[in-house]
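Student: Provide a 3D model corresponding to the input given below.
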Amino acid sequence: MFELFLILNIIGEGELKLLFPSSTRIETLKYNKKEFKEILEENKLPLFERKEIIFYRFYKEDSLLGTVLIDDIIGKHLPITFMVIIKPEGKIKRVEILKYREPYGGEIQNTFFLKQFKNKGLEDPLEMGKDIKNIAGATISVRQITKGVKRALVIYKYLFLKK
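Tutor: Predicted coordinates:
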């Protein structure tokens, strides 16, 4: 429940309810970042900044509605805190920038940029210049947030879509 309180402080109680208004249960799953080192290196993705990786899974009764990961990725110098909402099948429902700390590149917070991630999955390139457009003056931020979103999908598949 403490983790839910942290989410509420980061994105606000109203926002959380809007994510999954029909949810009846939230499952909190915690992992040590060391558990993912090998798979992230295999996929040429940056390691997690946070020591503990927490997924929040929202259910209506026994039916999974979606999964939320709040994460950080280093921009040019400072962390960018973002939220990835993943549909049960492993596609992006939504990406939000929760805290942008760099003096430049804040345009990645705009809806026109973030909507590019909607419905993307691991079968998509998820690369700047391919399916994610760059923003002049925000190249590093665009590249890093794209890697962060891809990292979330890789770990989601590893944890929840094993066949």
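Student: Now do the strands in the protein.
Tutor: Here the chain has its strands, by DSSP state E, at 25-32, 52-60, 63-74, 79-86, 92-100.
Student: now the angle between strand 63-74 and the last one, please.
Tutor: Spelled out, that is strand 92-100. Between strand 92-100 and strand 63-74, the angle comes out at 40 degrees (axes from the mean of the first three to the mean of the last three C-alpha atoms, to 10 degrees).
Student: So what's the gap between strand 92-100 and the chain middle?
Tutor: 7 Å (C-alpha atoms, centre = their mean, to the nearest Å).
Student: Bridge partners for G66, pull those for me.
Tutor: Taking DSSP bridges as the rule, G66 bridges to F58.
Student: Against L153, how distant is it?
Tutor: G66 sits 13 Å away from L153, going by C-beta to C-beta, to the nearest Å. (C-beta placed from N, C-alpha, C; glycine too.)
Student: Those two: which has the busier surroundings?
Tutor: L153 (25 against 17; other C-beta atoms under 10 Å).
Student: Centroid-wise, who is the farthest residue in this structure?
Tutor: Going by C-alpha atoms, centre = their mean, the residue of the chain most distant from its centre is E61, 24.2 Å out.
Student: Give me the spatial nearest neighbour of it, chain neighbours excluded.
Tutor: Nearest residue to E61, sequence neighbours excluded (C-beta to C-beta, 6 or more residues apart in numbering): T24, at 6.0 Å.
Student: same thing with E127?
Tutor: Once flanking residues are discounted, E127 sits nearest to T146: 6.7 Å by C-beta to C-beta, 6+ apart.
Student: Might one say that the one you found is in contact with D124?
Tutor: No - under the criterion of C-beta atoms under 8 Å, T146 makes no contact with D124, lying 10.8 Å away.
Student: of the two, who's got more company?
Tutor: T146 (25 against 16).
Student: dump the residue contacts of that one.
Tutor: By C-beta atoms under 8 Å, 6 or more residues apart in numbering, the residues touching T146 are L126, E127, M128, I132.
Student: In the chain, which helix is the longest?
Tutor: Secondary structure of the chain per DSSP state H: the longest helix is helix 139-160.
Student: Identify the bridge partners of the spatially most central residue of the chain.
Tutor: Taking C-alpha atoms, centre = their mean, the centroid of the chain lies closest to V84, which sits 2.8 Å from it. Counting by DSSP bridges, V84 forms beta bridges with L69, V95.
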